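**Student:** Okay, here's the prediction I keep looking at, along with the sequence it came from:
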Amino acid sequence: MDTYNILIVDDESDFRTLLVEALESMGYLCEGAENGEAALDLARSKHFSIIFTDLNMPGGLSGLDLLQKVREIDPKTFCILMTGYATLDSSIQALKNGAYDFIQKPFKLAELEASLQRALSHYKALRGIEAYQTELERRVEERTREVVTLKDDIENLFEGFVKASVSAIEARDPSTRGHSVRVAKLTVALAEAVNATPSGAWGGHHFTAQQLKELRYASLLHDFGKVGVSERVLTKPKKLEEERLERILQRLFQRDLEGAAARLEDAWKRNLAYDENFYGATLAAYRAETGRMSDLVIRCNEPKVLPQNIMEAMDELEALEFLHHDGQIARVLESTDIAALRIPKGSLSEAERKEINSHVTKTYQFLSQIPWTGSLANVPEIAYTHHERLNGMGYPRGLEKDAIPPQSKLMAICDVYDALVAADRPYKVAVTVPRSLEILEAEANANLLDVNALRIFLDAEIYMIPLPESEQV
């Protein structure tokens, strides 16, 4: 049998002793107290499952008083009142004050034991429920810790994945090192500035902490598709690859030798007098013309806007010929060389530009395969639309203003800005901050970028945020 502490409180010593001995004989742990004060001292020192107390105890606390104070000290204790002057009112009052039961003196031990059994049965049930609740709370707390740990692990996994992805992007295109991190910092800062803008076109937008995290991931991964773009195209600094340019210049050099040798052979056939300076002078004349042609090729090879006079001068290049090693006359510049040199701006042909632009679709295809959690579900779409423009002139889908997510409109501004001010790349020089801001405003006025978002970008001086060349994600 489980052991429970029982306390008998009664000012009649013989009666108290009788009850204590009787309950002990039944196997209960039982003690006695002669008045309410003594009972409180015992209740403070240990827990009693059941307290039997006389209702009327002269010279001190009454049973009702004791009942109230015991409830303050140990609310788990069940109190049963005993009295020889029971009335309906006193019974009701006792029960209102928290008594579990009420026994009228004189009573038989069987009545006492029956009341005790009822009280203990209820007591044990409550303690069992408490134990179950405690165990349940322990398990919930344990599972909560596991869930929190799992959540932290997932977040660390995402952070590690994103960091590795950014490293892969930069390994593929070292010239843009740090771009993804800088765009993410600028874009999140711009979104936070939107949160601090209570009115205007963006006044109704507020990005939660989870949405800012979603925007950060989308910004960090917006160029991931570049890993699927040809490295030759991705890092192409000039219109012609170095080996193609070298081949053209070598052919021009060979053409000089062929021309000077042909003049010398003609002189021999015409029996002209020997002149030791003839060949050198002839070759020098060819070299001067070739120098002009070489300079033209090199100038056209730069990824700059070609002036009209240079475009027209290129017609001369198409007619240049040399003797191929197979004995056939061939063009110094092949049709693909001419087409590349005629690119009006930049270093990429139309096909190469389309391949570069395909990185956006490749990014979306890659990110869509990741099982993003609910709060990050828009990462693929935000990254997918960062090159769309409000007037429908963006890519890859030609979306217009209302179809572009607000997060992508913010990222577009930051992406263009960082691309402009970034340190010199093989195909461009860095643009000053003032000039970059002018370009941004021009694009906003042309309905390419969101003019209201750009105003927040300028007013909040997002462009002043210190951004190192490269840093940890």
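**Tutor:** Looks like it came in fine.
**Student:** per-residue confidence averaged over stretch 246-256?
**Tutor:** For stretch 246-256, mean pLDDT rounds to 88.
**Student:** do stretch 268-280 as well
**Tutor:** Stretch 268-280 shows an average pLDDT of 80 in the prediction.
**Student:** what sits up against it?
**Tutor:** Contacts with stretch 268-280, where a contact means CB atoms under 8 Å, 6 or more residues apart in numbering, come from A260, R263, L264, A267. All C-beta atoms are positioned from the backbone trio N, CA, C, and that covers glycine.
**Student:** neighbours around A201, how many?
**Tutor:** For A201, the tally of surrounding residues (other CB atoms under 10 Å) stands at 13.
**Student:** okay if I get the contacts of stretch 268-280 as TSV plus secondary structure?
**Tutor:** Converted to TSV, those look like this (DSSP: H, G, I helix; E, B strand; the rest coil):
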residue	secondary structure
A260	helix
R263	helix
L264	helix
A267	helix
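**Student:** which one among the residues you listed gets closest to T208?
**Tutor:** Minimum distance to T208 across the contacts of stretch 268-280 is 76.2 Å, recorded for A260 (CB to CB).
**Student:** Just the buried subset of the contacts of stretch 268-280, please.
**Tutor:** The neighbour count (16 or more other CB atoms under 10 Å) marks A260, R263, L264, A267 as buried among those.
**Student:** quick one on the thing from earlier: dump the contacts of stretch 268-280 to CSV, plus distance to N447.
**Tutor:** Shown next, in CSV, are the contacts of stretch 268-280 (distance: CB to CB, whole Å):
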residue, distance to N447
A260, 59
R263, 62
L264, 65
A267, 68
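**Student:** of the residues you listed, closest to G160?
**Tutor:** A260 (64.7 Å).
**Student:** That closest one and Q254: what is the separation?
**Tutor:** From A260 across to Q254, the span is 11 Å (CB to CB, to the nearest Å).
**Student:** Likewise for A201?
**Tutor:** Taken as CB to CB, the span from A201 to Q254 is 64 Å.
**Student:** before we move on, what about A340?
**Tutor:** To Q254, A340 is 21 Å away according to CB to CB.
**Student:** neighbour-wise, which of these two wins?
**Tutor:** Set A340 next to Q254 and count neighbours by other CB under 10 Å: A340 wins out with 23 against 16.
**Student:** which residues does the more buried one contact?
**Tutor:** A340 makes contact with K239, L240, R244, S349, according to CB under 8 Å, 6+ apart.
**Student:** can you redo the residues you listed as CSV with secondary structure, distance to D54 and neighbour count?
**Tutor:** Shown next, in CSV, are those (DSSP: H, G, I helix; E, B strand; the rest coil; distance: CB to CB, whole Å; neighbours: other CB atoms under 10 Å):
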residue, secondary structure, distance to D54, neighbour count
K239, coil, 109, 26
L240, coil, 111, 22
R244, helix, 112, 17
S349, coil, 106, 17
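**Student:** Any idea how far stretch 176-196 is from the middle of the chain?
**Tutor:** On the basis of CA atoms, centre = their mean, to the nearest Å, stretch 176-196 sits 12 Å off its chain's mean C-alpha point.
**Student:** follow-up on the earlier one: give me the lowest-pLDDT entry from the contacts of A340.
**Tutor:** Across the contacts of A340, the member with the lowest pLDDT is S349, scoring 85.
**Student:** where's it relative to R342, distance?
**Tutor:** Spatial separation of S349 from R342 under the definition CB to CB is 9 Å.
**Student:** Equivalent analysis for S199, please.
**Tutor:** Per CB to CB, S199 is found 51 Å from R342.
**Student:** what sits against T53?
**Tutor:** Shown in contact with T53 (CB under 8 Å, 6+ apart): V9, D10, G36, A39, G63, L66, L67, C79, I80, L81, M82.
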